[in-house]
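J.: need coordinates for the below:
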Amino acid sequence: MENSKIEQLIRDKEFSYLQPYFYNNRYALRCELGVGEGDQYMINAKNRAMEIFNILFADGIDAIIFNYWIFDYSDSGCAEKIALEELEITVEESIHNTLESEADNLRFLLEMQAEYRHFSVRDLETYGDFDDEYIGKQRRNRIICYSDGKAFDYSGLIDQEISGNGHNVGLVSFQNECIFSVYDDRGCDIVFATHEKMKKFYHLLEPYFLSYDAEEMKNRFNQ
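T.: Numbering: from 1, shown residues only. I've put the predicted structure just below:
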């Protein structure tokens with residue numbers, strides 16, 4: 001869909017798309033995933049996420065988006081004694097954790113780029129300042145991977161986000177002009193490119209709404 005507004009947005013450097021997605025985007029809805037207690041809580045989180053997915057992606061996923069963060073460790077305070085004391089870890093633990101995290105993110109990036117046609121939106125806005133006391137200066141690129149008829153492992157991607165082991169992947173529908181982002185087991189945000197599309201799916205998604213933000217969502221619907 002060449003004229004998809006959501007595709008135009010995700011390719012636009014001015015579209016920052018940082019969490020919290022619901023509060024940072026005008027046409028967004030927020031849904032609760034984890035409900036209940038004990039083992040049933042996580043089961044409900046996955047079931048509700050998949051039910052929402054099926055509402056939004058009856059015709060499949062057109063693309064996924066995720067951030068690839070680039071850190072300048074040469075400008076880092078990571079090995080300084082005070083930082084390690086605050087984190088309550090040793091130098092070796094710090095090195096191990098950093099290498100594991102970087103390897104995981106790079107592997108995911110390379111796997112997605114090897115499998116799918118992709119596009120990068122470079123040097124995007126970051127959270128607050130560009131400096132972090134532990135990891136130094138940071139940059140952010142948004143990676144867009146197009147399905148082009150290939151299937152994404154959406155169930156696996158959703159599982160990873162719910163468990164906290166994901167890569168903040170957003171699932172994109174050009175037809176429904178939306179991005180579906182699970183932020184963890186507690187909930188998910190759906191960002192629409194237009195008010196019309198948000199209103200179209202409002203009542204379909206209403207049974208899943210997070211009650212805390214229900215009044216704000218109602219105001220957005222009525223604007």
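
J.: tell me the contacts of the residue positioned nearest the centre of the chain?
T.: With distances taken as CA atoms, centre = their mean, N168 lies nearest the centre of the chain, 3.4 Å away. Contact analysis of N168 by CB atoms under 8 Å, 6 or more residues apart in numbering lists 19, 66-67, 161, 181, 183. Every C-beta, even on glycine, is put in place using the N, C-alpha and C of the backbone.

J.: so what's the backbone phi/psi at the closest residue to K137 other than its chain neighbours?
T.: Residue nearest to K137 in three dimensions, not counting chain neighbours: D72, with 4.2 Å by CB to CB, 6 or more residues apart in numbering. In this entry, D72 is assigned phi and psi values of phi -100, psi 90 (degrees, to the nearest 10).

J.: is it correct that L171 falls within a helix?
T.: No - read with DSSP: H, G, I helix; E, B strand; the rest coil, L171 is strand and lies in no helix.

J.: nearest spatial neighbour of it, skipping sequence neighbours?
T.: That would be F180: by CB to CB, 6+ apart, it lies 4.5 Å from L171.

J.: doesn't that neighbour fall inside a strand?
T.: Yes - assessed with three-state DSSP, F180 lies in a strand.

J.: give the bridge partners for it, please.
T.: Assessed by DSSP bridges, F180 has beta-bridge partners L171, I190.

J.: what's the local residue count around it?
T.: F180: 26 surrounding residues under other CB atoms under 10 Å.

J.: how close does it sit to V191?
T.: 8 Å (CB to CB, to the nearest Å).

J.: anything in contact with each of those two?
T.: G170.

J.: still on that earlier bit, distance-wise, check the residue nearest to the centre of the chain relative to M198.
T.: Distance from N168 to M198, by CB to CB: 22 Å.

J.: the chain: helices as residue ranges?
T.: Taking DSSP state H, the helices of the chain run over residues 5-10, 21-24, 39-56, 81-87, 91-115, 154-163, 195-205, 214-222.
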